[in-house]
Every structure is written in C-alpha cells, then in structure tokens.
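In: Here is the input, now give the coordinates:
(chains A, B and C, ligands or ions: 1)
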Amino acid sequence: MVNPNMQIEEVTLDNVVDKIKEFYDEREWNFITINATDLGGEIQIDWLFSKYRAKNIIKIFRANVSYDAFIPSIVPVIPSAWLAEWELADLFGLDVENATTGVFIAPDGPKAPLRVDTKL
Amino acid sequence: MGKIIVPFGSQHIALPEPISFLFETENEIITKVEAHIGYVHRGIEKAAITKFEYTQLPYLTARVCGLCSITHAGAVVHGIEKLMDIEVNKRIDYLRMLVVELDRIHSHLLANGHVAEVVGYENLFMQTFRAREDVMDVLEAITGNRVQYDYQTIGGVARDMDSEIAEFAKKKLKKLKDNVLKVMEFHDSDYTFGLKTKGIGVISKEMAAKYNTAGPVARASGLDTDVRAEFDYLPFEEVGYKMQLRSEGDVWARNMVRFDEILNSIEMCENILNNLPEGEYKVKVKGRPKGEVVVRVEAPRGECFYYLRGSGKKVMDRVRIRVPTYANIPILKELFLGAKYSDAQAIVLSFDPCMSCTAR
Amino acid sequence: MGFFSKFRKKSPWILHYNTGGCNGCDIEILSALAPRYDIERFGMLNRGNPKQADILLVTGPVTKNCKDVLRRLYLEMAEPKVVVAMGACAHGGGIFRNFYHVENGVNNIIPVDVWIPGCAPRVEALIDGMVEAIEIWQQKSKEKEYLRDHEKVIKTLGVEDDG
Ligand code: SF4
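Out: Sure, this is the predicted structure:
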C-alpha cells in the first residue's frame, strides 16, 4: 500500500464550522466521517474528507478538545454528518450540538465506553 | 385520512438482520420515518483496543460482517503493514485481490437475489442464488471456508494456491459467467420486475453527492466514486478494473450496476488466474505498529474506512471502522419520504444494508 | 397426537432472528433456502411470523438491544416450540464474549434445545440441526414436556405469569 497523502490542518472548535464551510465543495470532496480518539486526558477529533477523481488525497481537520467541550454541529454544511455526530455523543459521551443519544447504546449499557478510563 | 404508524423490523421476513423503521403513513405515502440502527452494536472498537493484540485484529474485524469479512480483515492488514513498514510481493497482492473480487461477486449476487425476492419474484431469487453457489465453491477451494475466510494475515495470506485449484476456479468462473448473464437478462428485461423497480427510490446525482453516498448506490446515480480508483492499496488497474456507472439512480439501476461489477470482477479474476506471479505467499514480519494511518478499501457496498493508531505496543490505541452502509443511512432516510409504503422493502434491500457493519 | 400435529411435523415453519452476529450465519441460512441445499425438502419454510412458527432459529451473541426482542419473539410463539442456536457466537458469545454490549449467548435469555457449532457452520450442519429439531419437537408434543418445565422457563425469562 502506498502512503496516503494526509493533509492535516489544525483547527479549534470555534472556527471549525467556518473552515469546513469555506473548504467543502460537495462535487469535489467526499465527507468520510468524524473520528474521535481518546489520547488520555483529551480527545482528538478529526473531520475527514477525501477527494473525488484523485489518488490518495485525504484532508483532515483536527482539533484537540477536553472531555466536557461543546462540539458544534456541521450538519448545516454537510447534511449526512448527523450519524457520525450522534455516535460521538453516544460512544465518547461528548456534548454535541443537537445530538440524540441512545442510537447504539442500550439504556442499560455503559456510558461513554470508548474513553480510555472507562474500564469494561 | 388519519395517520397510520407502521413498524418495519426489527424482526421481519425481508430482513436478514435487525434494523427497525417506524413509518408514519398517510394514504400509503410515507410522511415520516424513524430509524433504529443500533441493534447489533457489540462494542468491537473497544475490544480492539483492550482485549485483542494487533496480530489478532484481522480475525476480530472479519467478524464485524460476514459478507465482507475479507474487506475488513484486508483493511486492517493493509494498515498494520503500513505502520510496520512491511512490503509484500506481487503474488500476495494478486492472491488478495482474487479473494476480494470473488467476495464481491458473491455479495452482489446475494443482494440482487434478495431484491428480486422482496419485490415478489421468488423464482428469480432462487436462480440468482443457484448461480451464486459456484463462486462459493471457488472461495471454499481457495480459502477453506464458505463464509469466514480468515485468509489475509499480516505479511501474507493464510495458504497458497496450486495450479489444480486455479484450473478448478477457471472452470467454475466460466460457468458462473454464463449463469450471471442469463440471470442478468431477466433482471434487465423482465416486465413485471421492471414495474416494481424502475423509477422507484430515485437518487439524482446531485443528491448522491450532497449526502456523500458510497458504492453501487452512488455509481447507480452516476457519481463516479470508487475507492479502487481513488486509493492505491492493491493494483486493480493492472488486472483490468473499470468503473461501472449507470445514470438512472433507481432500484433497478442499483441492481444493474451490481451486475456490471460482477462481470467486471469475473474478468479481473480470470486475468489474475492467468497471470499469477511466482513467489512466496508469506513474508517475514518484524516490529510493532507505530504511528497513525488511514486506510480506505472498496467493500462490496462501497467505501470502507479504517483509522488505525498504534504506539509500539501489542495493543493498538485506536481502531475506527466506518463502513459503507453507515454512509448510506442518511440518504436512505430521506428517500423514504414521499415513497409508497409498498415500495419500502425494495428500497431498503436495494441499498443492500449491512447492519452488523454499521453498528459494529 | 392431534390432528394438526401430524401435518406440522412434516412442515415445521422457521422463524429466524439475528441477535447481533456478523450475519455470516444468516447468509448461510439464505443459502439453505436456495436450490443447492434446499431445506424445503424437509418441509421447512422461512416465515417471519412468530405466531405461526414452530422452530426459532437464532444466530448471534444477543446484544443488549436485541435481548428484549428475542424474549418477546420466544414468548409469542405457540407451544410446543424448539429453539435452535446457530454459530459459535450464539454459544456463550464466541469471539464477542464479555464485550460490553453483549449478553454472552442465547441460553442466557431463552432455553435452547439444539446447538449448531461452527463459525460459520456449514449448511450441512445447519440442515442436520434442523432435522434434529423436528425430532425434539415431536418428542415435546408427545410428552407435553413444555408444561412440566413451564415454571422454570418462566423464571429464567424473568416475566410475570399472569396465570
Ligand atoms: S458464529 Fe461466526 S459467522 Fe456466525 S454470526 Fe457468529 S461470528 Fe458470524
């Protein structure tokens, strides 16, 4: 496998929606998903895009946030992002704008299972 | 007329897997949908970073989904090999490609047969499934199992292929091609099948791009996206890969795109079997995965995305799985609005939804 | 044996439910319905209605979201009924054992009569298990065993018997 060409751009939670709005063109870029990684103490959130009709180009907007940060929603820009955002709220226990919990986790299931300090 | 609420799922004859929709209908027309997609959530992402070592990951992720087990295992293998700086030889690449394409054939045939069944054409379902058994035989001869192959391992494949199996596969593929063409003819030209599928659940190209659809659903609407062309993980172009596009965007077009891809895949498999390079089927593996990488592979249903992160330990730090059905759920929900309830089954099944992938 | 039991034995109806496996087992069930293996030789039909089914075919390790549905399906089926658990993960969880959202196997929720091991089991094994299920079904309907064990079953299911 070749090296994917990952273009990482650091953002903050205040400007991420504007940055994505400026950057995103639905005919050029495919929104892949939103990924969160628990780094222990803080959470790294990636908004990932790939380019249509090009080879190996991946664009990543990356923000490091604390556990109780308020994540703004990008659904006004990308209408299909709601599922990924709800998953953040469900599996990481983050506070996401307009998110509904309980999509994946049953009422008697654990809270925020994917955080490193949740021992299961 | 008042509103009537119709539940669909989680246990339903048309669904092999649990997913449930609550349709609010008015005069047979769906006006509101509520979907519950999380029935199959097991917590695989957590287990991948606590219970399993990186060498065991391909076996775990293969159990994310039975239909595309080879893609999930492959994605993890490609990612970990990248993190450990392992280069594999041509023969391994070709063997992997062969199994991936065979898997695509069997998955697409299953999906098409299933659509035929839910629109009420049971005979076509049976015929499609009969054609499918040939490719299952080939897969069994090559990998040793019918469903869970566990074929790709870190630094190679689990077993080599000799010329006897290659001959057997070639013979079966020829027969398969004839059968597929016959079944495709029915899907293509049958009048009653067309009534139930043509013009149903139409996705325009603009909509497909707006909702970031993936796989055959996108390609049936004319959106030219295919990870095999966009991401170099196996040399698909060498063996004759061509992107298949249709423009109608309805249930019928989604079926036909899958048939086009089956024919293309059969061609690729034959090319691979005729030009299999010599070499070892395993290479030496050293070290531990370190760093982060994203992997995109084309599953039968579309783009399958993995994010892997390791820090030189036995257990990975993060394994994120995003599967094609996950990308197609938002548009599926939009598509129901304004559709007839009697078409709902065909629309769901034409997406070939894989819930165990989506909820993991 | 009553009038209808005679026919039911020849044509048991299957209710299939996936409780969260990888669907590898489910596509093997679909293969079993198709011409190569053709489970209809034994009169078996896959019908999605618990009220009319005789055999409950369960795959998967039972996730927390699925367990209530499974219990309800079991209770909605008429006696005598047979439960067949298919696949390694229906046997105590398999590879998914002790995951945070998994109940470790079918028999933690409902009583199981026939086990079909394998990941995924071959279709031949599935047919074998189903044939065994018919025998157990016959046994049950003759002995009326389901009445004897009734109380214990109700207790494991954790439901109130309103008598
Ligand atoms: S037993 Fe194996 S093949 Fe069957 S559902 Fe479970 S993991 Fe999948």
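
In: From chain C, how far off is A:F104?
Out: Counting by CB to the nearest CB, to the nearest Å, the separation of A:F104 from chain C is 8 Å. Yep, even glycine has a C-beta here, placed from its N, CA and C like the rest.

In: My error: substitute B:M126 in the last question.
Out: 5 Å.

In: The host helix or strand of that residue close to the ligand?
Out: Secondary structure assignment for B:M126, by DSSP states H and E: helix B:122-143. No. Remark: helix B:122-143 sits outside contact range of the ligand, by CB under 6 Å from any ligand atom, the gap being at least 13.9 Å.

In: end to end, how far does stretch C:35-43 reach?
Out: 14 Å (CA to CA, to the nearest Å).

In: Any idea how far it is from the middle of the chain?
Out: In terms of CA atoms, centre = their mean, to the nearest Å, the gap separating the centre of stretch C:35-43 from the centre of its chain is 18 Å.

In: after the strand or helix carrying B:K175, next one along is what?
Out: Secondary structure from DSSP H and E places B:K175 in helix B:163-189. Sequence order places helix B:191-197 as the next helix or strand after helix B:163-189, per DSSP H and E.

In: Dump the next helix or strand after that following helix to CSV, restricted to CA.
Out: Under the assignment DSSP H and E, the closest C-terminal helix or strand after helix B:191-197 is helix B:205-210. The C-alpha coordinates for helix B:205-210 follow below in CSV (Å, rounded to 0.1, in the frame of the first residue of the first chain):
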residue,chain,number,x,y,z
LYS,B,205,-26.5,12.7,-9.0
GLU,B,206,-26.7,15.9,-7.1
MET,B,207,-28.4,14.2,-4.2
ALA,B,208,-25.9,11.4,-4.2
ALA,B,209,-23.1,14.0,-3.9
LYS,B,210,-24.8,16.1,-1.3
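
In: about what we covered before: so how far is the helix holding B:K175 from its chain's centroid?
Out: 19 Å.

In: Please apply the same query to stretch B:179-193.
Out: With CA atoms, centre = their mean, you get 22 Å for stretch B:179-193.

In: So which bits of it are buried?
Out: Going by neighbour count (16 or more other CB atoms under 10 Å in any protein chain shown), the buried part of stretch B:179-193 is B:N179, B:V180, B:V183, B:M184, B:H187, B:F193.

In: and residue 94, how many residues sit next to it?
Out: As the question left the chain open, I've gone with chain A. 23 (other CB atoms under 10 Å in any protein chain shown).

In: look at chain B instead
Out: 22.

In: Just list the residues touching it, thanks.
Out: B:V239, B:I272, B:N275, B:L276, B:P277 (CB atoms under 8 Å, 6 or more residues apart in numbering or on different chains).

In: SS state for the one residue sitting closest to the centre of chain A?
Out: Taking CA atoms, centre = their mean, the centroid of chain A lies closest to A:I34, which sits 2.6 Å from it. At A:I34 the chain is in strand, as set by DSSP: H, G, I helix; E, B strand; the rest coil.

In: Check what pLDDT it gets.
Out: Note on A:I34: pLDDT of 87.

In: Distance of it relative to A:F70?
Out: According to CB to CB, to the nearest Å, A:I34 and A:F70 sit 15 Å apart.

In: so what's B:S342 up against?
Out: B:S342 neighbours (CB under 8 Å, 6+ apart): B:E28.

In: ok, the residue nearest to the centre of chain A to chain B distance?
Out: 9 Å.

In: ok, that residue touching A:L83?
Out: No. Using CB atoms under 8 Å, A:I34 is not in contact with A:L83, being 9.5 Å away.

In: Let me see the contact set for B:V88.
Out: B:E81, B:G155, B:G156, B:V283.

In: How much space separates the residue nearest to the last one when sequence neighbours are not counted from B:I37?
Out: With sequence-adjacent residues excluded and distances taken as CB to CB, 6 or more residues apart in numbering or on different chains, B:V283 is closest to B:G155, at 4.9 Å. According to CB to CB, B:G155 stands 36 Å off from B:I37.

In: what do you get for B:D226?
Out: For B:D226, the distance to B:I37 - CB to CB - is 25 Å.

In: for the ligand, what are the nearby residues on chain C?
Out: Close to the ligand, as judged by CB under 6 Å from any ligand atom, chain C has residues C:21-22, C:24-25, C:59-60, C:87-89, C:94-95, C:119-120.

In: out of those residues, which is most surrounded?
Out: Result: C:C22 is most packed of these (other CB under 10 Å), 36 neighbours.

In: which residues does whichever residue of chain B sits closest to the ligand contact?
Out: Taking CB to the nearest ligand atom as the measure, chain B has B:R63 as its residue closest to the ligand, at 4.4 Å. Neighbour list for B:R63: B:I44, B:S69, B:Q148, C:C22, C:G24, C:C89, C:I95, C:F96, C:C119 [criterion: CB under 8 Å, 6+ apart].

In: re the thing from before, nearest to chain C among the contacts of B:Y94?
Out: Ranked by distance to chain C (CB to the nearest CB), the contacts of B:Y94 are led by B:I272 at 24.2 Å.

In: how many other residues sit next to the closest one?
Out: With other CB under 10 Å as criterion, B:I272 counts 24.

In: Over to C:N49?
Out: Neighbour tally, C:N49, other CB under 10 Å: 12.

In: Write out the residues of chain A neighbouring chain C.
Out: Residues of chain A lying near chain C by CB under 8 Å from any CB of the partner chain: A:I105, A:A106, A:D108, A:G109, A:P110, A:P113, A:L120.

In: And these, which is the shakiest by pLDDT?
Out: The minimum pLDDT among the residues of chain A next to chain C falls on A:L120, with 69.

In: wait, isn't A:S66 in contact with A:E42?
Out: Yes. A:S66 is within contact range of A:E42, at 5.7 Å (criterion: CB under 8 Å).

In: Neighbour count for the two, which is higher?
Out: More crowded of A:S66 and A:E42, by other CB under 10 Å: A:E42, with 14 against 10.

In: Could you pull up the contacting residues of the nearest residue to B:S69 once chain neighbours are set aside?
Out: Distance criterion CB to CB, 6+ apart; nearest residue to B:S69, sequence neighbours excluded, is B:A62 at 4.0 Å. Residues near B:A62 by CB under 8 Å, 6+ apart: B:S69, B:I70, B:H72, B:A73, B:Q148, B:Y149, B:D150, C:C22.

In: Would you agree A:I45 falls within a strand?
Out: Yes. Counting by three-state DSSP, A:I45 is part of a strand.

In: Excluding chain neighbours, what is closest to A:A106?
Out: Using CB to CB, 6+ apart, the nearest residue to A:A106 is C:K64, at 3.8 Å.

In: If I follow the layout properly, that neighbour ends up in contact with C:H101?
Out: Yes. If you go by CB under 8 Å, C:K64 and C:H101 touch, sitting 5.2 Å apart.

In: Now do the shared contacts for the two.
Out: A:A106, A:G109.

In: The two - which one has more neighbours?
Out: Taking other CB under 10 Å, C:K64 and C:H101 do not tie; C:H101 has more neighbours (29 against 22).

In: From chain A, how far out is that one?
Out: 6 Å.

In: and C:V112, that one's in a strand?
Out: No. Counting by three-state DSSP, C:V112 is not part of a strand but coil.

In: Tell me where chain B has helices.
Out: B:44-50, B:57-62, B:69-83, B:90-118, B:122-143, B:163-189, B:191-197, B:205-210, B:215-220, B:227-230, B:251-274, B:324-336, B:344-350, B:355-359 (DSSP state H).

In: I'd like those as CSV, with distance to B:G291 and mean pLDDT appended.
Out: Output for these, formatted as CSV (distance: least, CB to CB, whole Å; pLDDT from 0 to 100):
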stretch, distance to B:G291, mean pLDDT
helix B:44-50, 16, 84
helix B:57-62, 16, 86
helix B:69-83, 5, 86
helix B:90-118, 22, 86
helix B:122-143, 30, 86
helix B:163-189, 37, 85
helix B:191-197, 47, 80
helix B:205-210, 32, 83
helix B:215-220, 29, 86
helix B:227-230, 22, 83
helix B:251-274, 31, 87
helix B:324-336, 25, 83
helix B:344-350, 40, 81
helix B:355-359, 26, 79
